[in-house]
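Visitor: Fold the following for me, if possible:
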Amino acid sequence: MSRLNLKLVVTTTTAFAALLYLVCVSSRPIFPDWPMHTLLRWQGTFPGFNWTAGGILLGLVELALFMTIASTAYVGIYNFFAARLSPTRI
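Guide: Prediction:
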């Protein structure tokens, strides 16, 4: 079993989450009554978030931090089990 590259996974997942966040945030002015904006409850997800430029930027920074931590943990756990559960080579 191959091991995961930490830099690659962290960069990929963080960039994907940041793009998705920006799409969701930027869709609010276009679709103000869209139910997703009430379902997400941004203030509960990202402490300190509000619908200002600073609040949106703070949410983006928090998301990047959360994804970096989660991706690092995932890669560490995956590589731990990959090393122990892969077939032994003779």
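Visitor: so which helix or strand takes in the residue lying closest to Thr72 once chain neighbours are set aside?
Guide: Distance criterion CB to CB, 6 or more residues apart in numbering; nearest residue to Thr72, sequence neighbours excluded, is Val10 at 6.1 Å. In short, each C-beta sits where N, CA and C put it, glycine included. Using DSSP states H and E, Val10 sits in helix 6-30.
Visitor: center of the chain, which residue is that?
Guide: The centroid of the chain falls nearest to Met67 when counting by CA atoms, centre = their mean (3.7 Å).
Visitor: Just the buried residues of stretch 10-21, please?
Guide: Buried residues in stretch 10-21, counted by 16 or more other CB atoms under 10 Å: Val10, Thr13, Thr14, Ala17, Tyr21.
Visitor: Could you find the two of the residues you listed that are most distant from each other?
Guide: Maximum pairwise distance among the buried residues of stretch 10-21 (CB to CB): 16.1 Å, between Val10 and Tyr21.
Visitor: distance between stretch 75-88 and the chain's centre?
Guide: 23 Å (CA atoms, centre = their mean, to the nearest Å).
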